[in-house]
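*Asks:* Below are the sequence and a predicted model for it; my questions follow.
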Amino acid sequence: MAWIILLLAGLLEVAWAVGLKYSAGFTRLWPSLATVAAMAASVALLGLALRTLPLGTAYTVWTGIGAVGTVILGMLLFGEPISPARLLCVSLIVIGILGLKLLGPG
């Protein structure tokens, strides 16, 4: 169950990172409120997952989900460059996340 909570926390990290773009530096009310809510929920869920998962593993997986999801949505929503080198780098992050999940405790 802790891994599911951590996955949700990571997805909410993606949501708040993308929300930062839509909030235009916290100058737009509704995107700003949604961003802050996603931030709070993401950190709260991370805290719940840390009750049973190791800190280093959980934090790295959380930030990895956030990084990968944000890069992908940046490409899809904001026209950021898609190149083989960028996709390779994202793949390496995913491999690291899977390695921590499959080889570590928890």
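*Replies:* Now that the structure is in, tell me what you want to look at.

*Asks:* helices and strands around the lowest-mean-pLDDT helix or strand in the chain, which ones?
*Replies:* Least confident helix or strand of the chain, by mean pLDDT, DSSP states H and E, is helix 84-103 with a mean of 92. Contacts defined by 3 or more C-beta pairs under 8 Å, 6 or more residues apart in numbering; DSSP states H and E place helix 84-103 against helix 55-78. C-betas here are computed from N, CA, C, even on glycine.

*Asks:* Please identify the buried residues of the helix it packs on?
*Replies:* For helix 55-78, a neighbour-count test (16 or more other C-beta atoms under 10 Å) marks 57-58, 60-62, 64-71, 73-75 as buried.

*Asks:* From the chain's centroid, how far away is the helix or strand hosting residue 35?
*Replies:* Per DSSP states H and E, residue 35 falls inside helix 29-49. The chain centre lies 12 Å from the centre of helix 29-49; the measure is C-alpha atoms, centre = their mean, to the nearest Å.

*Asks:* Perfect, that will be all.
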